[in-house]
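[1] quick one: sequence and predicted model below, then my questions.
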Protein chains: 2
Amino acid sequence: MRFIIQRDRLVQSVQDVMKAVTSRTTIPILTGIKIVATNEGVTFTGSDSDISIESFIPVEETGDEIVEIKQTGAIVLTAKVFSEIVRKLPTDTVEIEVQNHLQTVIRSGKSEFNLNGLDAEEYPHLPQIEEDNVFKVPTDLLKMLIRQTVFAVSTSETRPVLTGVNWKVENSELICIATDSHRLALRKAKIEHEGNVSYNVVIPGKSLSELSKILDDNNDPVDIVITENQVLFKAKHLLFFSRLLEGNYPDTTRLIPAESKTDVVLNTKEFLHSIDRASLLAREGRNNVVKFATIDGGTIELSSNTPEVGKVVEELQSESIEGEELKISFSAKYVMDALKALEGTEIKISFTGAMRPFIIKPLNDESILQLILPVRTY
Amino acid sequence: MRFIIQRDRLVQSVQDVMKAVTSRTTIPILTGIKIVATNEGVTFTGSDSDISIESFIPVEETGDEIVEIKQTGAIVLTAKVFSEIVRKLPTDTVEIEVQNHLQTVIRSGKSEFNLNGLDAEEYPHLPQIEEDNVFKVPTDLLKMLIRQTVFAVSTSETRPVLTGVNWKVENSELICIATDSHRLALRKAKIEHEGNVSYNVVIPGKSLSELSKILDDNNDPVDIVITENQVLFKAKHLLFFSRLLEGNYPDTTRLIPAESKTDVVLNTKEFLHSIDRASLLAREGRNNVVKFATIDGGTIELSSNTPEVGKVVEELQSESIEGEELKISFSAKYVMDALKALEGTEIKISFTGAMRPFIIKPLNDESILQLILPVRTY
C-alpha cells in the first residue's frame, strides 16, 4: 500500500473514525484504525464493536485530486499515535507507505515516521446491511432530534433498555422517546420514507451522542437503515453503524396526562435563569429540589431552603396562568435540562396536581414534549 | 452592614479574591470571603493562610458612583455559594444587607437570597507589612518574569525550597531563578528601586502563578514589598500577600557553564514543532527522550525509537552551527517548556559536550537563560 493524501482531509477522517475507538477494549486490534487503499480512494475504519465508523476519501472530488494511489493495500495503525502524528505533520500532503508487510512509513516534508502496523486481515468485518428500506432525515433535523431527547436516557445499567432512545417509525413519522423513569423527552418528525415498513427499536444513547458530534451542520439528507440488531446512518463519505439495544422498550403513552388542571405560560429564558438561581443553595445541600407556587396576579414564586446554607426566593411574572392554584416541588436539574432542549421563547407547563407528572412544551408546537415527575416535599 | 453595589465590579472582585480560597482548609472561616463596608468603599478578602488577596471597590471612581454605603459593617460569606450567586444575579445592581447579626440578604431584581454569614471578627488578620522599602515592576513585565521562570519549579516536596522561585534584588536588578534540579530558568530585569536594600527570598511557585492570573495586562507599576517572611504585591485596588519559603536557595551560578563547544542557532518555532513530533512516539513509550545530532551541511537530526511503537526521524535546517560535532539526548518536555518561555524568533543553544548541561537563549538577549541537563543515552 502506498498513497499521497491531502493532510487536512486525512486529519478530518481520522478524527471522525477516532470517535468509535476506545482504549478500553478487550480486542487489541480495535485500538487501531484500519486503512484500506483502493483505486477509488482510501477508507478509514474505527470501531469499539458497539459503534463502527467508516470514512471514505475519494481519489478526486469536484475536479481536485485528493489522493494519489501508488499501490493499493491495507494496514491497521494504532489509533492514538496515528491521529496525533497526522495532526502535527508539517506539510500539506502526506505519504503513507507499507513496507516489508507491516512496517508503515509516514512522510511529510523532512519528517519520517516508522510505525509498527497490524495485519488488516485480522480486523473484524463490519456488519453487512441490506439497504432495502431506507428512510431519510436532513442532517440538521437529525442532530436536533438527538439533542432534544438523548439527555433524558438513563445512566444506570439497572434497566439497560432505558440507556437508549426508543425510535418508532410509522406512517412516515419518526417518534423518538427517552426516559430514565423520572422524566421523559419525546420528539416527533415527518420523514421521507419510500416503503411503508414500521420500526420500533432502541438505539444506545451513547451512539446517538457520538453520531451527533460527527455530523456536519447542514441539511443534506442522512440515509437511515434499520435491521434486526443494527442501525446504519449514511452521510456523505461517512457510514456510522451502531448495534441496537435488546429488550422491549416500555410503553410510555399511558404516562402522558391527556388533561391538565393548571396551565402556566412563561418566558423560557427567564424561567431557566430563575430556576438556576433558586437551585444554587439546594445544590450545595446535595438536594436539587425547588418549590414552585402560583401566587396572586399571575406571579410564580420559586424557592428553596437549605437550613445549613440559607434560602432563596425568586419571583417571576408569567404570561398567563389558567386553572387551579398550585404548589409543587421538582428537580431543578430535570426542568433545566428540559428547558434547554426546547426551542422557542415561550413555553407552556401543564400540571395535573402536585403529585402527578407535568408537561413542558413550546407554545404552539406539538412536535416536542418534556414530561417530569414532581418530588414530594410540599 | 448595608450597601448597593454595581454587579460587574462585585463579580470581578469576588472572582479575584476567590483565587486564594480553597475548600481544603482546616480553618473553617477561610472557606468564606470577608466583606468589610466602610464609608470609603467595600473590601473583599480571601485567604488560604499561604496566600491572601484583598480587593477594594471605592465608593466612587472617575465621577461614577460604584457603591452606595447605607450602613458600614462586616460579614464573612461562604465563598463558593456567594461567588456563584453574584455571577448569576439578574440585575446590574445588587443590595447586600446584614440583618439580625449574621443573616445576610442579597437582593437583585426579584431575586432574594438569605445566607447564613459568619462573624467577621473571627476572620484571621492579614500580615502587617511596613512599606519602607518598595520596588516597582510594570505589570506586564512582572507577568512575563513569572511566566518565564515559574514552570521550572520542582513539583516534588523532597526539597521544599525548590518549589519556589528565588528572587534576588541587588543594584536595581531583579534576578528570578527556578530549578527542579533537572533544568533551570533564569530571568533578569532592571527595576525602579529607591532604597538600596538587597533581598534574597524564595516565593512559592503557586503564589506567583495565582498572582499572574489576577493581574490585568497593562504596564501600570506593581509595588512590591518584601519582609522577612512575607511578600506583598500592590496593584490598583488589589493587595496580594504570599508567605515566603524558608530555607536557603542553592547557589546556582556555578551550574551555568561559561564556555561552550558547540553553538547552534535555530528558528524557535520550527525547532519546537520538530521536537514535538520527534517525541510523539517516545511519549507513548513512557519515556520522553529525543536524540539530537549535528549532521552535514548545517542540518540537525532529531530522532527517537520506541521499539514497541515505531521510530521517527526529523531533519531541521539550522541558521548556523559552530564548533564541534555533537550527539546528545534530552527530555523533549524540558526543551519544549524552555522554548515556549523564550521570546524571539531565533534561539541559540550552547553545548559543552554530551554529558554537560546546555543553555538555550534568544539570539542577542542576555536577560533570559534556560539551562537543561541532558539524558545519558547516546
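    Received the coordinates, thanks.

[2] got the residues of the stretch 201-350 of chain A near chain B?
    Residues of the stretch 201-350 of chain A lying close to chain B by C-beta under 8 Å from any C-beta of the partner chain are A:273-274, A:276-277, A:280-281, A:284, A:308-316. (Glycine included, C-beta is placed from N, CA and C.)

[3] what's the average pLDDT for the strand or helix carrying residue A:168?
    Residue A:168 belongs to strand A:164-170 when assigned by DSSP states H and E. In this model, strand A:164-170 has a mean pLDDT of 96.

[4] can you check stretch A:260-275 too?
    Across stretch A:260-275, pLDDT averages out at 97.

[5] so which bits of that stretch are buried?
    Buried residues in stretch A:260-275, counted by 16 or more other C-beta atoms under 10 Å in any protein chain shown: A:260-264, A:266-268, A:270-275.

[6] which one of these is nearest to chain B?
    Proximity of these to chain B (C-beta to the nearest C-beta) peaks at residue A:273, which lies at 6.6 Å.

[7] quick check: closest non-adjacent residue to the closest one.
    Closest residue in space to residue A:273, ignoring its immediate chain neighbours: residue B:90 at 6.6 Å, by C-beta to C-beta, 6 or more residues apart in numbering or on different chains.

[8] how close does residue A:206 sit to residue A:48?
    Noted for residue A:206: a distance of 10 Å to residue A:48, by C-beta to C-beta, to the nearest Å.

[9] which of these two has more neighbours?
    A direct count of neighbours by other C-beta atoms under 10 Å in any protein chain shown for residue A:206 and residue A:48 places residue A:48 higher, at 19 against 16.

[10] what residues are up against that one?
    A:20-22, A:25, A:30 (C-beta atoms under 8 Å, 6 or more residues apart in numbering or on different chains).

[11] picking that back up, so what secondary structure elements neighbour the strand holding residue A:168?
    strand A:173-179, strand A:199-204, helix A:205-214 (3 or more C-beta pairs under 8 Å, 6 or more residues apart in numbering or on different chains; DSSP states H and E).

[12] which one of these is the most hemmed in?
    strand A:173-179 (a mean of 21; mean count of other C-beta atoms under 10 Å in any protein chain shown).

[13] from the chain's centre, how far out does it sit?
    Distance of strand A:173-179 from the chain centroid (C-alpha atoms, centre = their mean, to the nearest Å) equals 13 Å.

[14] likewise for stretch A:220-230?
    Relative to the mean C-alpha coordinate of its chain, stretch A:220-230 is positioned 15 Å out (C-alpha atoms, centre = their mean).

[15] for that stretch, what is the spacing between the initial and final residues?
    Stretch A:220-230 has an end-to-end distance of 22 Å (C-alpha to C-alpha, to the nearest Å).

[16] kindly report the same for stretch A:102-117.
    Start and end residues of stretch A:102-117 are separated by 5 Å (C-alpha to C-alpha).

[17] who's in contact with that stretch?
    Here stretch A:102-117 makes contact (C-beta under 8 Å, 6+ apart) with A:7, A:75-78, A:81-82, A:85-86, A:89-91, A:93-99, A:118-119, B:274, B:277, B:280-281, B:308-316.

[18] those, buried ones only, as a ChimeraX selection?
    A single ChimeraX command selects the buried members of the contacts of stretch A:102-117 (16+ other C-beta under 10 Å):
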select /A:7,75,76,77,78,81,82,85,86,89,93,94,95,96,97,98,118 /B:274,277,280,281,309,310,311,312,313,314,316
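
[19] each with direction, which strands does the lowest-mean-pLDDT helix or strand in chain A pair with?
    In chain A, the helix or strand scored least confidently by mean pLDDT, DSSP states H and E is strand A:192-193, which has a mean of 78. Strand A:192-193 has its sheet partners listed here by DSSP bridges as strand A:134-138 (antiparallel).

[20] let me see the mean pLDDT of the strand it pairs with.
    93.

[21] now that strand: buried residues?
    Buried residues in strand A:134-138, counted by 16+ other C-beta under 10 Å: A:134-135, A:137-138.

[22] from the residues of the stretch 201-350 of chain A next to chain B, which shows the smallest pLDDT?
    Among those, residue A:284 carries the weakest pLDDT, at 70.

[23] low pLDDT regions in chain A?
    Along chain A, the model assigns pLDDT under 70 to residues A:285-286, A:378.

[24] need the contact list for the one residue sitting closest to the centre of it.
    Nearest to the geometric centre of chain A sits residue A:209, at 2.3 Å (C-alpha atoms, centre = their mean). Contacts for residue A:209 were tallied using C-beta under 8 Å, 6+ apart; they are A:146, A:150.
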